[in-house]
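Colleague: below is the sequence, then the predicted model.
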Amino acid sequence: MKLTIEQLKIKNALTTIVGANGSGKSTLLKLLLGLYAPSQGTISLEGQDLKALPIKRKLEMIGLVFQNPNDQLFNATVLQEVTWSVRQLGLPVVEQRAKAALTQVGLEAELTTNPYDLSLSKRQLLAIATILAIDPAIYLFDEPFSYLDFPAQQRITALMRQLSETGHQVIVVTHDMDWLATQSDEILLMNQGTIQFQGTPAALFTNHDFMKMGQIAPPRVMQIAQNFGDYEVYLSIEDYLEKIQQKNL
Amino acid sequence: MAVETFITLDRVSVKYPNAQDLALDWVSMSVPQFAKVGVIGNSDAGKTTFCQLLAGIIPEMIHARIEGQLQIDRNDTKQKPSIGYVFQDPESQLSGLAETVADEIAFGLVNAGLSESEIDQRVKRIAQELELTSILQQSPTEISGGQQQRLALATVLVVEPDILILDNPTSQMDPRGKAWLFEHLAALKKQTIFLVSDEIDLLCEFADYLCVFAQGKLLAFDIPARVINQADQNHWPMALPAVYQFAKALSKTMAGTYRYPVTLGRLKRVMHDDDD
């Protein structure tokens, strides 16, 4: 995978990365985490070169939830899985942190369960808890909703909001347009290893060229509106209902 | 005309060794041939167990105690119907033996004893449809998660089985890939399809029947509109289609016992009926 990015600045907000399968989204996250080093150019974090940061410091500052939780879990119990990463970084109050993180994702009743006896949805929640326990400044989520069921999706969405409102940087790779339309502050569109667009959901859904390039479908509410000959941008059903009510007044 | 039953589950329960609860609990349903069935439910509901039971993976590869009867009729075909199964996690699907994406797709066809030119043709066609052509010579392990999921699908679709069982096959796919799959499946008229998906809007457009699982029990098995209205009335914790939410907010009801539409086509009709 070849990635070419001229310049990119991500500020504190809930940022979403979209793009077709194979466009470089996961590669970008791994670059940001420092798993891959760029062959040219630099990535800096608060003015510091990422390469120069010791790995421990890096993992304290940036956490990645992998696309496939099976790539991330290898301990015998749920609790051990979470305490392991906390211990590796030498952070204090290991058990307390781990249990708090597991409570946040709703796995407090599964402490002694083997991670591989959990459903994929719960395994994904566990993978999220391992990062929460470290509480990095930057959270990277690679398609976190692929395996989460509906209640878990709602829980993690609220958690992401809370994180971004408490000064964390949250970066999410997703294909869920209904989700990003209502939740995302900023969108990065990737295509063949480059960033093609950076802006708000409304700006993206207004631009047909970008949508085509990113193989993006508009949110379902826009499909409904288009069905009635209305090609405006709507990010939620509430948006569209408001417009209809205004028209009827 | 009575629709002939093709697959029957009669009070089926499944319990895994060491598990406390039943994975499937007293499930009964009759599915006609060529039906398109959407399968929904939250984590631990029994969706994957249901799929693996239908596919024969339980008990052939995964040990579990089964009670009740599962019957798949031979119907008009003389042979036992062939079954294709797509795993929820694409990494479980791939053989691990193929060096290239092309070989992985061809794997099932080689096993079926097709001629080389026929195999070549089918591989090329499905690769083009699933946008895998440019990576045919790459290793299945070095492509992206979404591409692996497309590949897992290709390996099953390419053999054209009589019964297709797909366990959340689009979870990592981009919107165009998703749309392609739903369209492709909708166009298959000679196959019986079970599709687990979180895409409730697409599922309502696609499926003849929806079944909802919760804690191993089958809560509902009915046409999508009836299932969704019932789910909302009973506050089941699941996503509701945008069309339904929209119609409900505007109080656009349909004739009949169930109230709000779940497909764009029906929504359009109830909106127009109002204008008359």
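Modeller: That came through, no problem. Numbering: from 1, shown residues only, chains lettered A, B, ... in the order given.
Colleague: now B:G145: how far from chain A?
Modeller: As for B:G145, its distance to chain A is 5 Å (criterion: CB to the nearest CB, to the nearest Å). In short, each C-beta sits where N, CA and C put it, glycine included.
Colleague: which SSE is B:I119 in?
Modeller: helix B:116-129 (DSSP states H and E).
Colleague: quick one: secondary structure of the one residue in chain A that gets nearest to chain B?
Modeller: At 3.0 Å from chain B, A:N21 is the closest residue in chain A, using CB to the nearest CB. Assigned with DSSP: H, G, I helix; E, B strand; the rest coil, A:N21 falls in the coil class.
Colleague: my guess is it meets B:M173, correct?
Modeller: Yes: counting by CB atoms under 8 Å, B:M173 is a contact partner of A:N21 at 6.4 Å.
Colleague: shared neighbours of these two, anything?
Modeller: B:146, B:149-150 (CB atoms under 8 Å, 6 or more residues apart in numbering or on different chains).
Colleague: keep only those of the residues you listed that are in helices.
Modeller: Under the assignment DSSP state H, these contribute B:146, B:149-150 to helices.
Colleague: near chain B, which residues of chain A show up?
Modeller: A:1, A:19-22, A:26, A:67-68, A:70, A:119-122, A:142-143, A:145-147, A:149-152, A:175, A:177-178, A:214-217, A:219-221, A:223-224, A:227-228, A:237, A:240-241, A:244 (CB under 8 Å from any CB of the partner chain).
Colleague: in strands, which of the residues you listed fall?
Modeller: Members of these lying in strands (criterion: DSSP state E): A:19, A:142.
Colleague: just list whatever residues bridge to the nearest residue to A:I62 once chain neighbours are set aside.
Modeller: Closest residue in space to A:I62, ignoring its immediate chain neighbours: A:I138 at 4.5 Å, by CB to CB, 6 or more residues apart in numbering or on different chains. For A:I138, the beta-bridge partners are A:I62, A:Q169 (DSSP bridges).
Colleague: how about low-confidence regions in the chain?
Modeller: Going with chain A. With pLDDT under 70 as the threshold, chain A has low-confidence stretches at A:1, A:12, A:249.
Colleague: my bad, chain B
Modeller: If you take pLDDT under 70 as the line, chain B has these spans: B:1-3, B:75-78, B:257, B:274-276.
Colleague: all helices of the stretch 51-200 of chain B, in order?
Modeller: B:57-60, B:90-93, B:101-111, B:116-129, B:145-157, B:175-187, B:200-206 (DSSP state H, counting those that start in this stretch).
Colleague: likewise chain A?
Modeller: Using DSSP H, helices in chain A cover A:25-33, A:55-61, A:78-88, A:94-105, A:120-132, A:150-165, A:177-183, A:201-206, A:208-213, A:220-227, A:237-248.
Colleague: residues of the stretch 101-250 of chain B that sit close to chain A?
Modeller: Going by CB under 8 Å from any CB, the residues of the stretch 101-250 of chain B near chain A are B:131, B:135, B:143-147, B:149-150, B:168, B:171-179, B:198, B:201, B:237-239, B:241-243, B:245-246, B:249-250.
Colleague: how is the chain carved up into domains?
Modeller: I went with chain A, as the question did not name one. A:14-215, A:218-249 (automatic domain parsing).
Colleague: look at chain B instead
Modeller: According to automatic domain parsing, the domains of chain B span B:1-82+B:162-223, B:95-160.
Colleague: and of these, who's closest to A:I43?
Modeller: Nearest of those to A:I43, taken as CB to CB: domain B:95-160 at 20.8 Å.
Colleague: gap between the two ends of the closest one?
Modeller: 18 Å (CA to CA, to the nearest Å).
Colleague: and it, how far out from the chain's middle?
Modeller: Centre-to-centre, domain B:95-160 and its host chain are 20 Å apart (CA atoms, centre = their mean, to the nearest Å).
Colleague: for residue 195, which residues are in contact?
Modeller: Since no chain was named, I'll use chain A. A:5, A:8, A:188-189.
Colleague: um, chain B though
Modeller: Applying CB under 8 Å, 6+ apart, one finds that B:L195 lies in contact with B:36-39, B:164, B:166, B:169, B:185, B:203, B:206-207.
Colleague: buried residues in stretch B:100-119, which are they?
Modeller: B:101-109, B:114, B:119 (16 or more other CB atoms under 10 Å in any protein chain shown).
Colleague: to clarify, my last question referred to stretch A:72-84.
Modeller: Here stretch A:72-84 shows A:72-73, A:75, A:78-84 as buried, counting by 16+ other CB under 10 Å.
Colleague: which residue is nearest the centroid of chain A?
Modeller: A:V172 (2.0 Å; CA atoms, centre = their mean).
Colleague: how much space between that residue and A:R161?
Modeller: 11 Å (CB to CB, to the nearest Å).
Colleague: spell out which residues are contacts of both of the two.
Modeller: A:L14.
Colleague: contact partners for the residue nearest to A:G24 when sequence neighbours are not counted?
Modeller: Sequence neighbours aside, A:G193 is the residue nearest to A:G24 in space, at 4.3 Å (criterion: CB to CB, 6+ apart). Going by CB under 8 Å, 6+ apart, A:G193 touches A:1-4, A:23-24, A:27.
Colleague: widest-spaced pair of those?
Modeller: Every pair of those checked by CB to CB; the farthest is A:T4 and A:S23, at 12.2 Å.
Colleague: tell me which of the two has more neighbours.
Modeller: A:S23 (26 against 11; other CB atoms under 10 Å in any protein chain shown).
Colleague: what residues does B:L153 make contact with?
Modeller: Per CB under 8 Å, 6+ apart, neighbours of B:L153: B:86, B:130, B:166, B:169, B:181.
Colleague: isn't the third one right next to B:T192, touching?
Modeller: What that stands for is B:L166. No: with contact taken as CB under 8 Å, B:L166 and B:T192 are classed as non-touching, separated by 11.8 Å.
Colleague: just to revisit the earlier point, with distance to B:I72 added, can I get the helices of the stretch 51-200 of chain B in CSV?
Modeller: Shown next, in CSV, are these (distance: least, CB to CB, whole Å):
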stretch, distance to B:I72
helix B:57-60, 14
helix B:90-93, 22
helix B:101-111, 20
helix B:116-129, 25
helix B:145-157, 17
helix B:175-187, 19
helix B:200-206, 22
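Colleague: residues of stretch B:230-243 that come out buried?
Modeller: B:231-232, B:236, B:238-243.
Colleague: run a quick neighbour tally on the nearest residue to B:R269 once chain neighbours are set aside.
Modeller: In this structure, B:R269 finds its nearest non-sequential neighbour in B:P261, 7.6 Å apart by CB to CB, 6+ apart. Per other CB under 10 Å, the neighbour tally for B:P261 reads 27.
Colleague: quickly note the distance from B:P261 to B:L185.
Modeller: 22 Å.
Colleague: ok so, going back, could I get the domains of chain B as TSV with distance to A:H168?
Modeller: TSV is the format used below for these (distance: least, CB to CB, whole Å):
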stretch	distance to A:H168
domain B:1-82+B:162-223	25
domain B:95-160	25
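Colleague: A:Q88: which of those domains is closest?
Modeller: domain B:95-160 (25.4 Å).
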